[in-house]
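1. Have a look at this prediction, sequence included:
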Amino acid sequence: MKALLPVLFLLLAMSAKAQTFQSPESVEWDEANQRWLIANTDDGKILQQTVGQSPADFASGCTQGPYGIEILDDVVYANDGGRIRGFSLATGTEVFNLNLGATFLNGLTTDGDSVLYATDFSGDKIYRINPTTSAFYLLTSSLPAAPNGIIYDAANERCLFVNWGSNAKIKAISILPPYTVTDVMSTTLGNCDGISRDQYGYYYVTSWSNNRLNRVSPDFSGTPTALSTVLSYPADIDIKLDVIDTAGVPNTNSNTVVYIPLASSAGIDNEQLPESSLHFFYNAGSETGIVDVVLPMHEEITITVHDLSGKVVFSELKTPEFAGKNYFELPLGQLTKGTYVLTVQQQNWSASKKWICQ
């Protein structure tokens, strides 16, 4: 058995080796396993990424995707050309494969119980699928524009979906016969790709025309508000619900995925995050500090530490891995006892925290 251990460790390392994003198309937060799943379209895989870590392989086998991905029970489903595949969350092995005969399945959502809804981008259609029985049928087959991202709206017994093209409207389709399609909101956005909803009822839509994540009020009044983070052909999104919600956004053009804190949805401006977004621990034994911070933008930060007299005892530029939660280790050296102030600053945002060195 001892002779086999090195081989087993090598196989485990190979199976979990770091990967790179290649035309990431869709993300999904996996609450049970505390990770993001990312549809990596160019290599036919779904990747997994835990906070602060590099992406790694999770599932493979898609031949014309994956595009939209969605978790239902213990399976993540993926649009793959004209079919939907399902992969076990526990093992990543394929456990479902259903050919709908569609042209180009793109957006995917679930009612959280037993049903999936999928958009056919090229066929201008929306499907209803029961993965338990493999039964499926069309809700509509004559949409005026190419439907893209889709989300289930239980309170109103409908699905909301965004569309391709200029001045793209947000539309809804009833999940009850006769499956009526209605306009919910007119916009000046173009080529809308993804739509998701935070815990406060705000909707978020990605658009290729302004390369932004756009916030929409729960009642669809007013106009969309573009958030500050510049994106690069942002695709299908998901939101991790937390004290401060986080949107996972794949950038198809730049082969990146960014994680954007949605502080504004809780009544807080994105550029004035609360002190709770910044945590700090100083280890006198190792003379190092650990910074745990939620960043609104993926850009360089300056971290400074000063005492109450204003004397700067540490200052350093850092490059975060992404917008959202990041961790940094600071070589502070031996500090004298007293009160200090830690400040983390970006171009249009900063947060500070007092701490006592004892």
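-> Looks like it came in fine.
2. contacting residues for Pro66?
-> Glu25, Ser26, Ala39, Asn40, Thr41, Gly44, Lys45, Ile46, Ala78, Asn79, Asp80, Arg85 (CB atoms under 8 Å, 6 or more residues apart in numbering). For the C-beta atoms, the positions are set from N, CA and C on the backbone; glycine is no exception.
3. Next, work out how far apart the fourth one and Ala154 are.
-> Asn40 sits 30 Å away from Ala154 when distances are taken as CB to CB, to the nearest Å.
4. ok, so of the contacts of Pro66, who is nearest Leu278?
-> Ranked by distance to Leu278 (CB to CB), the contacts of Pro66 are led by Ser26 at 30.8 Å.
5. Report the separation between the two terminal residues of stretch 20-35.
-> Using CA to CA, to the nearest Å, one end of stretch 20-35 lies 16 Å from the other.
6. For the chain, which segments count as helices?
-> 5-15 (DSSP state H).
7. so how far is Tyr327 from the spatially most central residue of it?
-> In the chain, the centroid-proximal residue (CA atoms, centre = their mean) is Gly248; its distance is 1.6 Å. Per CB to CB, Gly248 is found 18 Å from Tyr327.
8. re earlier: go through the contacts of Pro66 and name the one nearest Tyr202.
-> Among the contacts of Pro66, and counting by CB to CB, the member closest to Tyr202 is Ser26, at 20.2 Å.
9. all strands for the stretch 151-300 of the chain, in order.
-> Assigned strands in the stretch 151-300 of the chain, in chain order: 158-163, 170-174, 181-185, 192-197, 203-207, 212-216, 225-226, 238-240, 246-251, 256-261, 278-283, 288-295 (criterion: DSSP state E, counting those that start in this stretch).
10. Identify all contacting residues around the fourth one.
-> Translated: strand 192-197. Residues contacting strand 192-197 (CB under 8 Å, 6+ apart): 26, 107, 148-151, 160-164, 168, 170, 203-208, 233-239, 247, 249.
11. what's the angle from it to strand 170-174?
-> In terms of direction (axes from the mean of the first three to the mean of the last three CA atoms, to 10 degrees), strand 192-197 departs from strand 170-174 by 60 degrees.
12. what do you get for the fifth one?
-> Using the same axes, to 10 degrees, one finds that strand 203-207 and strand 170-174 are set 120 degrees apart in direction.
13. What helices and strands are in contact with strand 203-207?
-> strand 147-153, strand 192-197, strand 212-216 (3 or more CB pairs under 8 Å, 6 or more residues apart in numbering; DSSP states H and E).
14. just how off-centre is it within its chain?
-> 12 Å (CA atoms, centre = their mean, to the nearest Å).
15. Neighbouring strands - and their directions - for it?
-> According to DSSP bridges, strand 203-207 forms sheet pairs with strand 192-197 (antiparallel), strand 212-216 (antiparallel).
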